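>>> the sequence isn't on hand, but the structure is:
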Ligand code: FES
């Protein structure tokens, strides 16, 4: 095993989990998770934060009924019912965390 420090000061995981059609539980893929991930990645690039803030897609974060979900670090927040309108504030918080961690 090789261990290295995480190369990003702030990270967002956006759930893009997809369940089979007809599955009794909802999934974030069917609620726009992929588009949210893509939009947040685009916003990070547009603000020149690529080297400090990383956006990952994730599997189920456990709040399917309240999705789409995201989880951010280092603030350690689970965010439920995320919409495109929430992304600017999410990115502002990530950028602030990244700036704090740069000190
Ligand atoms: S499928 Fe996204 S939180 Fe479960």
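Thanks, I have the structure now. In this text, all values refer to a predicted model and were calculated from it rather than measured experimentally. Residues are numbered from 1 along each chain as shown.

>>> got the residues of this protein near the ligand?
15, 17, 27-28, 60-64, 67, 69 (C-beta under 6 Å from any ligand atom). The way it works is simple: take the backbone N, C-alpha and C, and place the C-beta from them, glycine included.

>>> please give the element, helix or strand, for residue 57.
Element membership for residue 57, per DSSP states H and E: strand 53-58.

>>> after that strand, next one along is what?
Downstream of strand 53-58 (by DSSP H and E), the next one is strand 70-73.

>>> elements contacting that next one?
strand 10-15, strand 77-79, helix 87-102 (3 or more C-beta pairs under 8 Å, 6 or more residues apart in numbering; DSSP states H and E).

>>> deepest-packed of the ones you listed, please.
Of all these, strand 10-15 has the most neighbours on average by mean count of other C-beta atoms under 10 Å, namely a mean of 24.

>>> quick one: list the elements packing against that one.
So strand 10-15, by 3+ C-beta pairs under 8 Å, 6+ apart, packs with helix 33-46, strand 53-58, strand 70-73, helix 87-102.

>>> in JSON lines: those, plus distance to residue 5 and mean pLDDT.
Below are the helices and strands packed on strand 10-15 laid out as JSON lines (distance: least, C-beta to C-beta, whole Å; pLDDT from 0 to 100):
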{"stretch": "helix 33-46", "distance to residue 5": "20", "mean pLDDT": "98"}
{"stretch": "strand 53-58", "distance to residue 5": "13", "mean pLDDT": "97"}
{"stretch": "strand 70-73", "distance to residue 5": "14", "mean pLDDT": "97"}
{"stretch": "helix 87-102", "distance to residue 5": "11", "mean pLDDT": "91"}
